[in-house]
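J.: Got a sequence here, can you build the structure:
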Amino acid sequence: MLPDDDTFDDTDLRDDGTNDNNDDSETHNTRQDIEARAQGQHGCVVVPYPDPRAGQTTSRLSPDQSANVTYGAQLVDAENEENLYYPFASKIEWEVARWAKLRGSSSTAFTDLLSIDGVSERLGLSFKNANELNKLIDHELPTGRPKFKREQVVVAGEAFDVYYRDIIECVKSLYGDPDFARYLTFAPERHYADDDETVRLFHDMHTGKWWWDTQKKLDAHHPGGTIVPIIISSDKTQVTMFRNKTAYPVYLTIGNIPKELRRKPSSGSHILLAYLPTTRLEHITNKASRRRAIANLYHACLRRVLAPLIPAGTEGISMRSGDGARRRCHLIFASFVGDYPEQLLTTGVKFGECPKCDVDAKDTGSNTTQFHLRKLSEVLDALAAFDDGNLAFVRACAAAGIKPVIHPFWEDLPFANIFRAITPDILHQLYQGLIKHLLAWLSAACGGAEIDARCRRLPPNHHIRLFTKGITCLSRVSGTEHAQICRFILGIIIDIRLPNNLNAGRLLRAVRGLLDFLYLAQYPCHSSETLHSLDEALDLFHQNKDIFIQLGIRNNFNLPKLHAARHYHLMITLFGTTDNYNTEYTERLHIDLAKDAYRATNHKDEFIQMTRWLERKEKILRHQKFVSWCLAGGHHFEPYHSRPPDMTFRREQVMTKHPTVKAVSFQKMVEDYGATHFREALARYIVHKRRGDHSVPLRDRELDLLAGDIHFPFNRLPVFHKIKWCSIDTGGVTKGHDTLDSVHAKPRQKLGSRLIHRRSDTAFIRLGEDSVINDLKGFSVGQVRVIFSLPPKSLQLLFPPTVNIPPHLAYIEWFTPFPSAPDRNNGLYKLSRLMRGGDRVSSIVPVGDIMRSIHLIPKFGDSAPREWTSETVLEDCNVFWVNSYIDRYNFSIFR
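T.: Sure thing, here's the model as predicted:
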């Protein structure tokens, strides 16, 4: 039981500061202030573009001429004007058609379903098979997005088919989408975190310097225009598992749409612009000539697709947004999103070199070598030498540092600089690049068997995937799996023994530097201060990377993906944070717009069928928007004003309506849930609540005497096994109710002859209502053993009527307070069990004070004890490291 000679309250959990390192504490507080400013918690000062004509309307149509009204005017049911679903005869016919095109199986299976006797008649369907439905969609539904065209492009004397859409009409369809109308941004802004405008914020594309600078250039010739930033991405992908069939989609989106919408494929903010030829030109036997022909084919196709941007960027075109307002829009190529091979193909740069700057290939591993962005003017001069003959052209291109590409697609695009337009690629450069390399280096340095043994002994957590077979034996590791490994990799190599007894401090600092860079690079909002932290993290890796050379693992670090990290700072200031242009989004689009489309074909002349399938799907999606608008009463929304995104992922704590177990005895709580001192802790909680805010604390003996007089009017309590935190929204742009975090408190139980161990998660707990998140002294870590509620009938017997008792309580076993500073090498906080007289300190707290889950990594020592398991390690180990990498929010708190 609890010791007799010590009073326990939340002051026992607060660090008394006697051993504080003031410098370290101030450093942490300074970082927390920087994080708060980057999230706009201190306010956001918006400085508009100085010329108010930028982004202004040229004429505003009445609401009767908005996109949905215009669409509806094309749908008139002469027989029944109240039919909202026309050209479908009824709601059920519309729902069946929508299911068939968005969720259903193949056309053959759908036809077979409708051919069952009586199905069509009972549902009242006007179509009897898939072909009749297709005709209805093709001829009766208005065209929401432009149709595909097929043209032939001739390269090296051979013709190739390219399927593409009119890019101007594609942009108009995105720009005029009624669902985006209230969210569109039309002019650049500067956002600051302070009234003095010294700390600048970067998040959405319009807060970056590129839009502001380009608006100034545009105003010099055509003032009053609205810039529509064109974002292009391309990536060849396999559409079959075994036949090696590929598609080469090109995607388009615009920077006026907020990134919160652009990063959700389901929002429809990306449009498939083209399918490029996938030929390998195997009839060309010379490999150099083949590579050159493939590059020329790529650029010839994209040049044809993007050619309309030349006059549209210079002179502008009149476009109407979804609310009916017209503006003179200038469609300007802003950024290209792709992996390293695509970047090289687009820029014409040789393999091993940087597609953005002039750094030498042998210096890509350096963090100090000076570099400059490639000069577009010099490259354009070299490209102009094509008219001087082939030899002169090849020499001019070599001197400019590019391959001899004939008329690349970006050559004549106004205000475009392809070397500046290449954006960071979190997925391929970091997760599938540097992190993949790092894991191989750590396996060689620390031993795969020991790393795998530690992976198998990590305690469970909502954010942690338990790799029960380890991580070193994995093959074809995805970006998602690399992200999951990053959440614990630093913690499991602490104290590990290196060959030749080398000091592991430099190894830990190198890994921490790379992980910090990875997490900082993914911030949804950056400030000029956090960008400095980004540079510091990269510097930390470079200062300690030589440990891998000393271990004989590397000879050098000349990796283009490592060098690319040096460009992140500049690119974030130009185009906003990296979630504006992440290749993860286009990887997801491959499923919807390439792989699913291919599966819907008969695999013969597939691209004609794929484009037709996509056009029908887009028509259904457009009609769905219209029907939803009609059912909502044609409501018009107020404009949305972009603000710095909040990394707290606005969440709400959720408990189930009914308990998991209606009645659990005190004895069961001790035996099955591990709540050793539950009865004593509950009695003390009741005494504390009865006293209220009494200013004089009780001595421990007095508290024990009063607690001993508590008689419970129950011997069983309702128990809950989980606390959840669900999302509310993301700044008003998108809505959802996803589970973001959870804490489990499950009992041990027998399943046949097998014993299932209890699960008691650890959590980050507030010690007082006045605790602020940037001061860790107001919080502590505890292990949640039991989540319960008191029977309503017993409250009046235990407490005065003036005392409010929370509906849910939890029995917690505490860990020691956070030290004043984290470890200097690994950057993590070290905790151990809080003990009094040989017993674990425990208490009852309101569930509302449990802020989120916390993951603790055991201090394994030189080698992981083999008797430890994932289920029991929290009981077997006494010293732990607080894992700050389980998500971005924990990273910002504990960094």
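
J.: Worst mean pLDDT across the helices and strands of the chain, which element?
T.: Lowest by mean pLDDT, DSSP states H and E among the helices and strands of the chain is helix 22-38, with a mean of 70.

J.: Describe which strands the helix or strand just after that one pairs with in its sheet and in which direction.
T.: Following helix 22-38 in sequence order, the next helix or strand is strand 45-48 (DSSP states H and E). Partners of strand 45-48 in the sheet, by DSSP bridges, are strand 189-192 (antiparallel).

J.: what's the spacing between the helix or strand just after the partner strand and its chain's center?
T.: Next along the chain after strand 189-192, taking DSSP H and E as the criterion, comes strand 200-202. Here the centre of strand 200-202 is set off from its chain's centre by 19 Å, with CA atoms, centre = their mean, to the nearest Å.

J.: What residues of stretch 261-277 count as buried?
T.: The neighbour-count check on stretch 261-277 (16 or more other CB atoms under 10 Å) flags 261-265, 267-277 as buried. Glycine gets a C-beta too; all of them are placed from N, C-alpha and C.

J.: ok, now stretch 443-462?
T.: So, applying 16+ other CB under 10 Å, buried residues of stretch 443-462: 443-447, 450-462.

J.: Start and end of it, how far apart?
T.: Stretch 443-462 has an end-to-end distance of 26 Å (criterion: CA to CA, to the nearest Å).

J.: now it: mean pLDDT?
T.: Stretch 443-462 shows a mean pLDDT of 96.

J.: same deal with stretch 525-537?
T.: Rounded mean pLDDT across stretch 525-537 is 96.

J.: where does this structure have low pLDDT?
T.: Applying pLDDT under 70 to the chain picks out residues 1-29, 40-41, 60-65, 77-80, 635-649, 693-695, 729-736, 771, 774.

J.: Take the buried residues of stretch 261-277 and keep only those in helices.
T.: Among these, DSSP state H puts 261-262 in helices.

J.: Let's see which of the buried residues of stretch 261-277 end up in strands.
T.: 271-275 (DSSP state E).

J.: Let me have these in a markdown table, extended by distance to K750.
T.: Below are these laid out as a markdown table (distance: CB to CB, whole Å):
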| residue | distance to K750 |
| --- | --- |
| I271 | 56 |
| L272 | 54 |
| L273 | 59 |
| A274 | 60 |
| Y275 | 58 |
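
J.: Now flag whichever of those residues is closest to H757.
T.: Using CB to CB, L272 is the member of those that sits closest to H757, with 49.5 Å.

J.: How about the closest one: which residues does it bridge to?
T.: L272 has these beta-bridge partners by DSSP bridges: Y251.

J.: number of nearby residues for A293?
T.: 18 (other CB atoms under 10 Å).

J.: what's in contact with the strand or helix carrying it?
T.: Per DSSP H and E: A293 is located in helix 287-306. The set of residues external to helix 287-306 that reach it, using CB atoms under 8 Å, 6 or more residues apart in numbering, is 151, 153, 155-156, 160, 162, 164, 167, 232, 234, 250, 273-274, 276-277, 279-282, 284, 333, 345, 348, 403-409, 411, 413.
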